[in-house]
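**Q** Predicted coordinates and the sequence they were generated for:
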Amino acid sequence: MLTYVILVFLATSFAYLLAASLMHPEDVLYPPAAPKPVPEATAQAYMNARNINPDVPLFQRYANWLGGLVRGDFGVTTGTNKEMRPVLTVLSERIPISLRLVVLGTVIGTVVGVVVGMVTAVRRRSIGDRSATLLSFVLVSLPTPVVILVVQQINQAIQNRTGYGLPAINPVNPLLHGWDAFVYESKALVMPTIVLAVLAAASYSRYMKVTTLDVLGSDYLRTARAKGLTRGKAMNRHGLRMALIPMGQYFAFAIGAAFTGSLFVELMFNWQGVGRYVISAISMADINGTAAVVLYTGVLTLLSATLADFLQGLLDPRIR
């Protein structure tokens with residue numbers, strides 16, 4: 001845990017220093033070609049309040065940011081937003097939206113991928129195995145936006161034929177309240193979750209098939225089959241746990257991949273989550289927001305890696 005915390009701190013610090021060095025929020029706040037130049041004193045006051053004044057040494061700005069971070073203060077937005085909204089407030093509004101997608105899509109994709117990978121390994125070279133392998137290769141090779149467009153087109157075709165379909169964009173309808181709003185948001189969650197789950201399942205199924213094939217060739221499984229168990233029963237009783245052990249560490253990295261995939265999902269489905277926020281933060285040279293998103297993804301990876309360690313200990317008595 002201490003190692004994870006140090007890694008997250010180093011990654012976030014590096015992200016802040018890099019953003020503060022390369023981004024120029026003063027050009028976004030006060031473009032040089034502005035028709036009415038802002039008085040120098042006003043510009044300096046705005047930039048000092050946001051801790052983005054380029055006239056202040058970089059490491060002094062980093063020390064100010066770090067002092068606030070220790071107190072739980074991520075600073076304020078440094079883009080074109082003159083409200084100076086606290087970054088922590090913005091993230092607290094957007095994180096639940098993103099977590100709905102990432103967690104739900106990853107869990108469904110993991111379960112489906114593990115089951116498909118194990119079944120195709122046990123029934124190797126069958127029609128089902130070849131079909132699942134081909135489909136997974138196609139899905140893995142396709143860019144995320146292409147998969148999103150395919151899902152949206154299928155939904156549109158169903159809607160044109162039957163008159164019923166899922167909301168294509170915008171998970172929140174301000175005209176609805178109470179139960180109707182909940183039903184609408186639940187429907188809007190379906191297509192983004194399908195995209196993330198399908199992509200995760202394609203990747204997990206390939207990895208699970210490889211680990212299952214390794215287990216199927218082990219001595220203890222051959223002994224179990226020699227005692228009269230079928231390949232499926234031997235796998236369920238003795239091999240499944242061993243095949244799942246390597247999946248624990250892969251799960252930790254899959255969380256980061258799911259977050260990366262959710263960037264496109266949030267953009268193309270108009271979800272106001274962390275993924276959409278980081279795109280706007282980078283485009284508006286929001287230094288504090290960019291560093292805060294790196295911290296968020298680092299904490300996500302930390303928690304998933306810790307969960308992976310517990311899962312490995314649960315599955316493998318040798319680790320305990």
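**A** Now that the structure is in, tell me what you want to look at. Computed from a predicted model, the values in this text were never measured in an experiment.

**Q** just for the chain, where's the confidence low?
**A** For the chain, applying pLDDT under 70 flags the ranges 29-38, 79-83, 169-170, 172-176, 231-232, 238, 248-249, 251-253, 255-261, 319-320.

**Q** That one: helices as residue ranges?
**A** Counting by DSSP state H, one finds helices in the chain at the ranges 2-22, 25-29, 40-50, 58-70, 87-122, 127-141, 144-162, 179-216, 219-226, 231-234, 240-269, 274-283, 287-315.

**Q** who does the fifth one touch, helix- and strand-wise?
**A** Using 3 or more Cβ pairs under 8 Å, 6 or more residues apart in numbering; DSSP states H and E as the contact criterion, the secondary-structure elements in contact with helix 87-122 are helix 127-141, helix 179-216, helix 240-269, helix 274-283, helix 287-315. Any C-beta I mention is one placed from the backbone N, CA and C, and that applies to glycine too.

**Q** Just the angle for the fourth one relative to helix 287-315, thanks.
**A** Going back to what we said before, that points to helix 274-283. 140 degrees (axes from the mean of the first three to the mean of the last three Cα atoms, to 10 degrees).

**Q** need the contact list for residue 105.
**A** 192-193, 195-197, 200, 258, 262 (Cβ atoms under 8 Å, 6 or more residues apart in numbering).

**Q** State the distance from it to residue 130.
**A** 26 Å (Cβ to Cβ, to the nearest Å).

**Q** what does residue 241 give?
**A** Distance of residue 241 to residue 130, computed by Cβ to Cβ: 27 Å.

**Q** With distance to residue 76 added, can I get the helices of the chain in a markdown table?
**A** Shown next, in a markdown table, are those (distance: least, Cβ to Cβ, whole Å):
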| stretch | distance to residue 76 |
| --- | --- |
| helix 2-22 | 14 |
| helix 25-29 | 11 |
| helix 40-50 | 6 |
| helix 58-70 | 10 |
| helix 87-122 | 7 |
| helix 127-141 | 40 |
| helix 144-162 | 32 |
| helix 179-216 | 29 |
| helix 219-226 | 59 |
| helix 231-234 | 59 |
| helix 240-269 | 23 |
| helix 274-283 | 12 |
| helix 287-315 | 6 |
